[in-house]
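Peer 1: With the sequence up front, the predicted model follows.
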Amino acid sequence: MYIDVTALSHIGRKKDKNEDSFGVFDDREPGLRLFRQGMLMAVADGLGGHVGGDIASKLAVSMLKDILKDDPPPEEDIDSEREDTFYRDTIKRAMERANDSIFQTNRDLIKNKRPMGTTLCTVLIRPHYAYVGNVGDSRGYLFRNGQFTAQTEDHSWVDEQVKQGLMSREEANKDSRKNLVTRCIGTHESIEVDLYRWRIEPDDQLLVCTDGLINMVDNTEIASVLNQNATTREKVHQLIDLANKNGGKDNITAILAWLNPNPKTLKTLRMREWMRKQEEKIKKIFLVSGFGLLCFFMGYLVRYFSAR
């Protein structure tokens, strides 16, 4: 199984620091035994206005890496019901461990201040399924044949209002309380993890991102970017740029995985990407050279007319 993946985080245009964290882990990393094939992706968005939001998001992601040191299921259980149960439980257990660790830190160190907490969205990719765990308002998407076929549900106050019919989606998107989460990692002794299993196919794209992207770039715009003939690197940079262009009010983090792409197509796209970068370098060289020549010519004219 081959996965072309790109992860990127940006502070945005309004924040003083980046409280997002992310992780991409697979069996090429020493000591991680959980996978024979596959990958784990995770994004975490530390709660703003709380103590140590950036610390909470980093802790949550690091706890996920620790659980990957566990033994995988027996070889004969691959694609079986036992494997399905194993990976669902793995996601749930990892996120509960992260919650326990951060909650204990809050109890021991934070005391009377607002406890640190974080959202956490994880996607565990296997050859036939993606196992997804979500707490908070970061989001996971499955993109196939030009459209989203699945996505996680947000745990936010405005989403609860929409589900109860008390607010429209348009009103929710404009409401000042849309960043208020109803579930997060670390602030309570126990958590409820939403678990999903998505059937995946070659050429699928999996996107995991924080609300700094979602709140600035709507699903239509995101789908338009993912539908382009481009590498994951180019698409992720476009998404980050769009979020900043639309205001960049929060930290922005995105991980995009392209599953089993056609090797020839990927090679062609990477070559085009490389050529575009070379063109940009050449343009910069000409721009700098042209500016230098202009300065030289202006200086020459000044000296010429001064001497007359």
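Peer 2: In hand now; what should we look at?
Peer 1: Doesn't I191 belong to a helix?
Peer 2: No. Counting by DSSP: H, G, I helix; E, B strand; the rest coil, I191 is not found in a helix; it is coil.
Peer 1: thought it was touching R183?
Peer 2: Yes. With contact defined as C-beta atoms under 8 Å, I191 and R183 form a contacting pair (6.6 Å). Bear in mind the C-beta positions are built from the backbone N, C-alpha and C, glycine included.
Peer 1: where do the contact lists of those two overlap?
Peer 2: V135 (C-beta atoms under 8 Å, 6 or more residues apart in numbering).
Peer 1: ok, Q205 touching P261?
Peer 2: No. Using C-beta under 8 Å, Q205 is not in contact with P261, being 9.3 Å away.
Peer 1: Tell me how many other residues crowd the nearest residue to I252 once chain neighbours are set aside.
Peer 2: Distances taken as C-beta to C-beta, 6 or more residues apart in numbering put G212 closest to I252, at 3.9 Å, once the chain neighbours are dropped. Counted with other C-beta atoms under 10 Å, the neighbours of G212 add up to 30.
Peer 1: per-residue confidence at G212?
Peer 2: With respect to pLDDT, G212 scores 96.
Peer 1: Would you list the phi and psi of it?
Peer 2: Main-chain torsions, G212, degrees, to the nearest 10: phi -60, psi -30.
Peer 1: Now do the same contact list for it.
Peer 2: 12, 20, 45, 243, 248-253.
Peer 1: How much space separates it from T119?
Peer 2: Distance of G212 to T119, computed by C-beta to C-beta, to the nearest Å: 11 Å.
Peer 1: shared neighbours, the two?
Peer 2: Between them, G212 and T119 share the contacting residues D45, judged by C-beta under 8 Å, 6+ apart.
Peer 1: thought A243 was touching L213?
Peer 2: Yes. Contact criterion C-beta under 8 Å: A243 and L213 qualify, at 5.1 Å.
Peer 1: List the residues that are in contact with both of these two.
Peer 2: Joint contacts of A243 and L213 (C-beta under 8 Å, 6+ apart) are I252.
Peer 1: tally of neighbours for A223?
Peer 2: 15.
Peer 1: ok so it is a helix residue?
Peer 2: Yes. Assessed with three-state DSSP, A223 lies in a helix.
Peer 1: and E170, what element?
Peer 2: For E170, the element it lies in under DSSP states H and E is helix 169-174.
Peer 1: Contacts for that helix, please.
Peer 2: Helix 169-174 has contacts (C-beta under 8 Å, 6+ apart) with 158-159, 161-162, 178, 215.
Peer 1: quick one, strands of the protein?
Peer 2: For the chain, the strands defined by DSSP state E occupy 3-10, 20-25, 39-45, 120-125, 129-135, 139-144, 147-151, 194-199, 205-209, 252-259.
Peer 1: elements contacting the first one?
Peer 2: Contact here means 3 or more C-beta pairs under 8 Å, 6 or more residues apart in numbering; DSSP states H and E; on that basis strand 3-10 packs against strand 20-25, strand 39-45, helix 232-245, strand 252-259.
Peer 1: Go ahead and measure how far stretch 189-196 is from the middle of the chain.
Peer 2: On the basis of C-alpha atoms, centre = their mean, to the nearest Å, stretch 189-196 sits 19 Å off its chain's mean C-alpha point.
Peer 1: And the contacts of it?
Peer 2: Stretch 189-196 has contacts (C-beta under 8 Å, 6+ apart) with 88, 91-92, 95-96, 99, 103, 131-135, 140, 150, 152-153, 155, 183-185.
Peer 1: What's the ChimeraX line that selects buried ones from those?
Peer 2: Command for ChimeraX that selects the buried part of the contacts of stretch 189-196, burial taken from 16 or more other C-beta atoms under 10 Å:
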select :88,91,92,95,96,99,103,131,132,133,134,135,140,150,152,155,183,184,185
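Peer 1: contacting residues for V135?
Peer 2: With contact set as C-beta under 8 Å, 6+ apart, V135 has these partners: 95, 99, 119-121, 155, 183-185, 191-194.
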